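Take a look and give me a structure for this.
(chains A, B, C and D)
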Protein chains: 2
Amino acid sequence: MATLPSLKGLQAFEAAARAGSFVAAAEELSISAAAVSQLIRTVEEQMGRKLFHRVNRRVVLTEAGVEMLPRLTMAFQEIGSVSREVSGGAFRPRLVVSVPPSMAMGWLSQRLSGFVASHGAVDISLRGDDDPVPFDRELIDIRLSYGPHYREHPTEDIVRDAVYPVCAPALSGAIKRDDLVGLPLIHTDWGPTGASFPSWRNWFEAAGIDPGRSARRGLSANSSRAALDLAISGLGVALAQGIYCAQALEDGRLVRPVLRTAELRQPYCLTIPERSARRDVVAAFRDWLIEECLRSVESPALRSHDSS
Amino acid sequence: MATLPSLKGLQAFEAAARAGSFVAAAEELSISAAAVSQLIRTVEEQMGRKLFHRVNRRVVLTEAGVEMLPRLTMAFQEIGSVSREVSGGAFRPRLVVSVPPSMAMGWLSQRLSGFVASHGAVDISLRGDDDPVPFDRELIDIRLSYGPHYREHPTEDIVRDAVYPVCAPALSGAIKRDDLVGLPLIHTDWGPTGASFPSWRNWFEAAGIDPGRSARRGLSANSSRAALDLAISGLGVALAQGIYCAQALEDGRLVRPVLRTAELRQPYCLTIPERSARRDVVAAFRDWLIEECLRSVESPALRSHDSS
DNA sequence: CAATCTAGATAAGTTCAACTTATCTTTGGA
DNA sequence: TCCAAAGATAAGTTGAACTTATCTAGATTG
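Numbers count the residues shown, from 1 in each chain, chains lettered A, B, ... in the order given. Presented below is the predicted three-dimensional model:
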């Protein structure tokens, strides 16, 4: 079918299928039952397929009808709700933000109130997703991801972060050697997103240190957040990412026992689909988010120790 | 606004907003530009809000218009694609299945081909989600979850699984004592879904054994699948769930060094929203899924050792 | 077992939303 | 400076959508 069937016809079908009766649908749409009957007949002709079985004086959905109903219901609900929101003066811009799960849980959710406070009425939906994210299906306005995926949308590099050994001040005081050999290490399982993140093994290699067996020893955590918490508890030395540990370094819960860093192989990237780019809220959020990223990564606590 | 604005008007708005021009929209809709202009004016009157700024001989979306566009685009695309699929004879029923992430990755994805083979033309979308899942927004047809959530939809208990100590045959042979004290244990971080799953601590308590320090010792894995792999590698004894380890027990990659089990506190539950229940595909998938669950949990490998 | 009720189909006529053509205004660009 | 092109508007036309009225045939009931 080159062109769509009649929208009103589809609407009548949707109401009738949902209600299970033409009369009920007619009432819902404030038209006569005869109109519903005709609309649906027209749609069936246009689509070349029966949507209802007429059994006696009942109607029962055909397989094709059953298949259409939920999708049409969702579509018409969306049309209805967006129309109602916009026409009833008090619509709030909706902003769908997607970031890697680890950021959604900690870093970003802590800072989000800052944006809301400065920007006012916005409905923000914060999603923690692994790549790839379905921009169109979920109407995502802005996606922060590790590395450039999404060549099909405008993407900009924001910042290239690094990982640092960090530990509790108490543990740091007890460190004699500065190559970390023999210390309890906290390993982070970065998950699928961070498959290419540096491990302790990489860090030792880059530093030219043979860690012996100690590169395998110690605790492991399945999130960067958990790894940081373990480090703060003094259980060992974690390889923490700048953006996540800047705060703890600043307020002294963590220190950097040695200064060597390992840069991440990929920058963090911001992807904003064309359709969202012109929205004011999106532009404002983009600026704010970049500012926050840079502030976190280039925090004085990290800078002052920078050892390149 | 009590009732929706004109659907054709919204459609015209959507096309014009997307194309950035009334003339282009008119061409797309195969009507005259004057018609587009009038339709949009009508919608604006019905909604009591301008959707376009008329600047010279250009049109620019207002904030309200920008807000509406993506959601309308998605809705009309959905209407178009469902209509096209159903009217163009070869529509395939679409089945959206949601299960806990651990099942989506392993157990279910391995078995799914069986259903497709027996049932024929179906488009299955398999999602790994944590509870709660958005039934309506994602049009989920069937959800398998641990424990009964979703009182608002018809839900049935399927099976109550249990966890068992399992290990590689080689390791089993080396075991002298049958209380597992002193053996390397593999701890599983069940994630948010399984917050109430039995841990080694629980298992020892239930068995009336004081594990001493050994309940904390050993490896940990952040998924049941990873824990099983570690156990198969002979690195320790894992507490594995029946449904996941039945296969490995049957083909001898794993054995049960001791027979005590710990029942899960909740049964696995199947939730099917009203709208999906009447679909043939859904009913068929439900039957198949229940069958597969029972077969896995009540596999001979588990049964023959059952120690209640 | 009529008598009645109700859901849906159909016919015929009506109406108004949607569409066309024609004309006007503005302006961006050659 | 003049034209081409985009949008607004007016006036008239068309047909999709709607109404009322009537028909059919299962359900329901006294």
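
Give me the spatial nearest neighbour of A:Leu126, chain neighbours excluded.
Beyond its immediate neighbours in the sequence, the residue positioned closest to A:Leu126 (CB to CB, 6 or more residues apart in numbering or on different chains) is A:Val97, lying 5.3 Å away. Yep, even glycine has a C-beta here, placed from its N, CA and C like the rest.

Actually, A:Ser276.
Distance criterion CB to CB, 6+ apart; nearest residue to A:Ser276, sequence neighbours excluded, is A:Asp141 at 4.1 Å.

same question, A:Val23
Here the nearest residue to A:Val23 in space, its sequence neighbours aside, is A:Ala33; by CB to CB, 6+ apart that works out to 4.9 Å.

follow-up on the earlier one: tell me, how many residues neighbour the residue nearest to A:Ser276?
Look at A:Asp141: counted by other CB atoms under 10 Å in any protein chain shown, it has 25 neighbours.

in stretch A:48-65, what's buried?
Of the residues in stretch A:48-65, those buried by neighbour count under the rule 16 or more other CB atoms under 10 Å in any protein chain shown are A:49-52, A:59, A:61-65.

Give me the below-cutoff pLDDT ranges for chain A.
Segments of chain A classed as low confidence (criterion: pLDDT under 70) are A:1-2, A:174-182, A:191-196, A:211-220, A:222, A:299-308.

Kindly state the beta-bridge partners for the residue nearest in space to the middle of it.
In chain A, the C-alpha nearest the mean C-alpha coordinate belongs to A:Ser98, at 2.4 Å (CA atoms, centre = their mean). As for beta bridges, A:Ser98 partners with A:Arg127, A:Arg143 under DSSP bridges.

B:Ser32 versus that one, what's the distance?
Taking CB to CB, to the nearest Å as the measure, A:Ser98 falls 41 Å from B:Ser32.

Ok, A:Trp190 next?
Using CB to CB, one gets 58 Å for the distance from A:Trp190 to B:Ser32.

neighbour count winner among these two?
When neighbours are counted by other CB under 10 Å, A:Trp190 and B:Ser32 differ, and A:Trp190 comes out ahead with 22 against 13.

helix, strand or coil for that one?
coil (DSSP: H, G, I helix; E, B strand; the rest coil).

Buried residues, the helix or strand containing A:Arg41. List them.
Remark: A:Arg41 resides in helix A:33-47, with elements defined by DSSP states H and E. When burial is assessed from 16+ other CB under 10 Å, helix A:33-47 yields the following buried residues: A:36-37, A:39-40, A:42-44, A:46-47.

quick one: the residue lying farthest from the centre of chain A and B:Glu67, what's the gap?
Using CA atoms, centre = their mean, the residue of chain A lying farthest from its centre is A:Asn56. It sits 50.9 Å away. Between A:Asn56 and B:Glu67 the distance is 47 Å, computed by CB to CB.

same deal with A:Pro169?
Distance check for A:Pro169 against B:Glu67: by CB to CB, it reads 49 Å.

So for these two, which residue has more residues nearby?
More neighbours sit around B:Glu67 than around the other of A:Pro169 and B:Glu67, counting by other CB under 10 Å; the figures are 22 against 13.

Which element, helix or strand, includes the more buried one?
Here B:Glu67 sits within helix B:63-87, counting by DSSP H and E.

May I see the domains of chain A written out as residue ranges?
Chain A breaks down into these domains under automatic domain parsing: A:7-87, A:94-160+A:267-295, A:162-264.

Residues of chain A that sit close to DNA strand C?
Applying the criterion CB under 7 Å from any atom of the strand, the portion of chain A that neighbours DNA strand C consists of A:21-24, A:33-34, A:37-38, A:40-41, A:52, A:54, A:57-59.

can we see that at 10 Å?
Counting by CB under 10 Å from any atom of the strand, the positions of chain A adjacent to DNA strand C are A:6-8, A:16, A:19-27, A:32-41, A:44, A:50, A:52-60.

what pairs with A:Leu185 across the strands?
A:Val237.

was I right about it contacting A:Gly236?
Yes - judged on CB atoms under 8 Å, A:Leu185 makes contact with A:Gly236 at a distance of 5.6 Å.

Please identify which of those two sits among more neighbours.
Using other CB under 10 Å, the more surrounded residue of A:Leu185 and A:Gly236 is A:Leu185, with 24 against 19.

Quickly note the distance from the more buried one to B:Asp189.
Applying CB to CB, the value for A:Leu185 to B:Asp189 is 19 Å.
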